[in-house]
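Colleague: Predicted model and sequence below, questions to follow.
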Amino acid sequence: MSEQDKNITRIHIGDKEFILIGTAHVSKKSAEQVKEVIEAERPDAVCIELDEQRYQSITDGRKWKDMDIFKVIKEKKATLLLMNLLISSFQKRMAKQFDIKPGQEMIQGIESAKEINANLVLADRNIQITFARIWHGIGLSGRAKLLMQIIYSVFNKEEISEEELEKMKSQDMLHSMLDELTESFPKLKVPLIDERDQYLAQKIKDAPGKKILAVLGAAHVPGIKEEIKKEHNLDALNKRPNKSKAPMFIGWAIPFIILAIIGYSFWANPEVGVNLTMSWVIWNSLFSAIGAAIALGHPLTILTALLIAPFSSLYPLLAAGWFAGFVEAYFRKPKVGDFETLSEDVFTVKGFWSNKVTRILLIVVLTNLGSTLGTIIGGADVVRIFIQNIFGA
């Protein structure tokens, strides 16, 4: 069996034949193989591991130029967009190393399907739903750990050889990688791999025609081989996780407690009330402004973070980062060039901080992070001062 044949899996269910091509997303050989197999097999339908959002992104080079940064902030999607950029930048860096477009095998699948007039099926689950289910399932510590891992992978300069890249398509290697992933992030594998295996398998099985070809990341092939034999509820897999009421309760409880403590302190001892107010303002303002400064925000952006944080922290429906992001976008509105170079700038730390688009996203995220830290530390300090002065502890 040749190396290319090892990447092809054939499955027969009833009168339908399914051909699964396992690919590495930045492998030139994968793209070439996709073209060869589609032309040779001439399937009735070609399924690709993309959802509508990623399909539009991969086929429309003007996507970033048309982005409204104010709308992104207003719709609270700054963090999601920044995560998307971080994750995609790792793949783009490897693709650049091998002089190939990221997702070239998917692009080739789209083009080849059109050439033979096959039905094109977007078989993957919406990426925002996948992120939502991941984010919901891994908890606060898991989110921090995952974010650090993504950032490390983005800015790690270590290169891999094309031979090592091709080895990533072997099932043995993939199984060991998944075992390691499960060990590091036990709750990550279910929404990222297992659920998408089920979703992809059902979409492939439901594709029109007798001969169906699917272009997939090799990590999904072992799971799909098993899941395609079963029936899966796509509506259930597409359901966003129910939001816990605990964060909202805590979000309102903290400002209520802080305001109650400060209000009582002014009534019992105005001097203590002033001290508590100053502590709350200083901690919130300081950390929020530091977050904006780390992101290299405009002076008025940093000032906005400084002034807004003590108040936004008392009203859970507002966030200091949103205000800071709006101010930064107003005074340093991204130009066409920033959107055009976005795909290149995300390769490096310098690029992330110099591009006006990513800088605005960083300001929103880091200012909000600073405000959160300020709320925790400031709230604890308010309680400490209150207990010491009112109860003489």
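Modeller: Now that the structure is in, tell me what you want to look at.
Colleague: Quick one: mean pLDDT for stretch 214-228?
Modeller: Predicted confidence along stretch 214-228 averages 90 (mean pLDDT).
Colleague: Tabulate the CA atom coordinates of that stretch in CSV.
Modeller: C-alpha atoms of stretch 214-228 as CSV (Å, rounded to 0.1, in the frame of the first residue of the first chain):
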residue,chain,number,x,y,z
ALA,A,214,-15.1,13.7,2.1
VAL,A,215,-12.0,15.9,2.6
LEU,A,216,-11.1,15.8,6.3
GLY,A,217,-8.4,16.6,8.8
ALA,A,218,-6.8,13.2,9.4
ALA,A,219,-7.6,13.5,13.2
HIS,A,220,-11.3,13.0,12.4
VAL,A,221,-11.0,9.9,10.1
PRO,A,222,-10.7,7.2,12.9
GLY,A,223,-13.8,8.6,14.7
ILE,A,224,-15.9,9.1,11.6
LYS,A,225,-15.2,5.5,10.5
GLU,A,226,-17.1,4.4,13.6
GLU,A,227,-19.7,7.2,13.9
ILE,A,228,-20.9,6.9,10.3
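Colleague: quick one: buried residues of the strand or helix carrying Lys350?
Modeller: In this structure, Lys350 sits in helix 349-354 according to DSSP states H and E. Neighbour-count burial for helix 349-354, counted by 16 or more other CB atoms under 10 Å, picks out Phe352. Quick note: C-beta positions are derived from backbone N, CA and C, even for glycine.
Colleague: Tell me where this protein has strands.
Modeller: Using DSSP state E, the strands assigned to the chain run over residues 8-13, 16-23, 45-48, 119-122, 211-217.
Colleague: biggest helix in the chain by residues?
Modeller: In the chain, taking DSSP state H as the definition, the longest helix is helix 356-390.
Colleague: What about Ile129, how many residues nearby?
Modeller: 18 (other CB atoms under 10 Å).
Colleague: What's the separation between it and Arg240?
Modeller: 6 Å (CB to CB, to the nearest Å).
Colleague: Enumerate every residue touching Glu32.
Modeller: For Glu32, the contact set (CB atoms under 8 Å, 6 or more residues apart in numbering) comprises Gln108.
Colleague: Against Ala214, how distant is it?
Modeller: Applying CB to CB to Glu32 and Ala214 gives a distance of 17 Å.
Colleague: cool, and Ile127?
Modeller: 18 Å.
Colleague: Looking at those two, which is more packed in?
Modeller: Ala214 (29 against 17).
Colleague: now that one, nearest residue through space, not along the chain?
Modeller: Take Ala214 and drop its neighbours on the chain: the residue closest to it by CB to CB, 6 or more residues apart in numbering is Cys47, 4.1 Å away.
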